[in-house]
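Undergrad: coordinates only, sequence not included:
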């Protein structure tokens, strides 16, 4: 979602780095462009004004003017200020207090509260909690049904509420039910409206007084830009929220909400929704988000995604196979499956430092269907063919293509890529990185 602002800022920094020594005029021109880039990204104008003023103060000081690499110093300052603007460090979910601990999800209709409740249940279970889902939006029977279906899908218990029940009574009774079931965390999916109104706030206030939640999280749609910031401010003034979950961060929004919310409300972004799957919920790390916006990548998040999916025994076995040149097409397929589980390939590539500065990769469009096609081709092979690819002759290739719904050229391409990977692995085993380099470089 930050592609536009990222491109603009990187273009500005490139100009600044082109000057051997920066003058006050160079810096002022650069800051003017930074200001326009942020405003176009829908960042709150008061936030932009203060942000640019803070950068100006540091950029015109000795820190930059006397530096041997002034352009790099400006980038470093912008990175630090942007991180501070979004919250400085990751804000944890509050889970302390009397069991079962209650977490209240609030927000406008359409922001994705119900789906987010399911995603939070997945997260809580991953950190060792036993969540209990509570459908308290009696004005939308579909929301109650949706949460019950999510609970069935996740094998997470759901309170049996109905549209004719009182929301405050639902939340009160759900606490007792959770205690009886041995659940330690309540996730309250409360009602929303198209706009903030007095009746909604009164109801939410009564639920808060009844259950005394450990945390109140506003679920806001990142695609709505400043509307998300304004609704966060409105909910915070009445309920004193603990933090924000920004949904649809995988969309094409300009990014202003993520940059502005903390500065406007004083409350941190705690999670971001990065896709439609129930596993697509990530902790929000301001320093990592700042790095991504400035085109510096986000290696830590990529590592965490990989670690959450890696089975240590399987990883050790794969390492053994690679060292013995026994990496089969079965292994190749399994690695493709693991990569798909990590999320969008475009997002993963964007996490690699410096990718946005590589001309050939800048506008790279990754066809996710290619991975599906590779999996289908390998699945259409016999066990013997997957273990020994050299036996796949012309007639076998036709059969595999027909069975996978692809063309012979697709099968040929897969086998060629696999052969190249095997050659590269062989060079790594023989000569380490230097051996790999000789295989990849044209000299």
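TA: Yep, it's here. Just so you know, these numbers come straight off a predicted model, no measurement behind them.
Undergrad: all contacts plus neighbour counts: C-alpha atoms, from now on.
TA: Noted.
Undergrad: Can you show me the helices along the stretch 51-200 of the chain?
TA: 62-65, 70-85, 113-126, 141-154, 167-181, 198-211 (DSSP state H, counting those that start in this stretch).
Undergrad: and the third one, average pLDDT?
TA: pLDDT averaged over helix 113-126 equals 96, rounded to a whole number.
Undergrad: do the longest one as well
TA: Computed over helix 70-85, the mean pLDDT rounds to 83.
Undergrad: Buried residues in it, which are they?
TA: The neighbour-count check on helix 70-85 (16 or more other C-alpha atoms under 10 Å) flags 70-75, 77-85 as buried.
Undergrad: right, so the helices of the stretch 51-200 of the chain: which one is the most enclosed?
TA: helix 113-126 (a mean of 22; mean count of other C-alpha atoms under 10 Å).
Undergrad: what packs against it?
TA: strand 101-106, strand 131-135, helix 141-154, strand 185-189, strand 281-283 (3 or more C-alpha pairs under 8 Å, 6 or more residues apart in numbering; DSSP states H and E).
Undergrad: Kindly report the domain assignment for this structure.
TA: 3-85, 101-296, 302-440 (automatic domain parsing).
Undergrad: between these, which one is nearest to residue 91?
TA: With C-alpha to C-alpha, the closest approach to residue 91 among the domains of the chain belongs to domain 101-296: 5.6 Å.
Undergrad: if we can go back for a sec, select, out of the helices and strands packed on helix 113-126, the one closest to residue 326.
TA: Checking the helices and strands packed on helix 113-126 against residue 326 by C-alpha to C-alpha gives strand 281-283 as the closest, at 35.6 Å.
Undergrad: relative to helix 70-85, how tilted is the helix or strand following that closest one?
TA: Helices and strands here follow DSSP states H and E; after strand 281-283, the next one along the chain is helix 286-293. On the basis of axes from the mean of the first three to the mean of the last three C-alpha atoms, to 10 degrees, helix 286-293 is oriented at 130 degrees to helix 70-85.
Undergrad: where do the helices sit along the stretch 301-443 of the chain?
TA: So, for the stretch 301-443 of the chain - with DSSP H, counting those that start in this stretch - the helices run 312-323, 329-341, 345-350, 359-362, 369-379, 383-387, 394-404, 408-440.
Undergrad: The fifth one: how far from the chain's middle?
TA: Helix 369-379 has its average C-alpha position 25 Å from the chain's average C-alpha position, going by C-alpha atoms, centre = their mean, to the nearest Å.
Undergrad: and what of the first one?
TA: Taking the mean C-alpha point of helix 312-323 and that of its whole chain, the gap between them comes to 28 Å (C-alpha atoms, centre = their mean).
Undergrad: report the angle between the axes of it and helix 329-341?
TA: 130 degrees.
Undergrad: and the helices of the stretch 301-443 of the chain, which one is worst for confidence?
TA: Among the helices of the stretch 301-443 of the chain, helix 359-362 carries the lowest mean pLDDT (a mean of 48).
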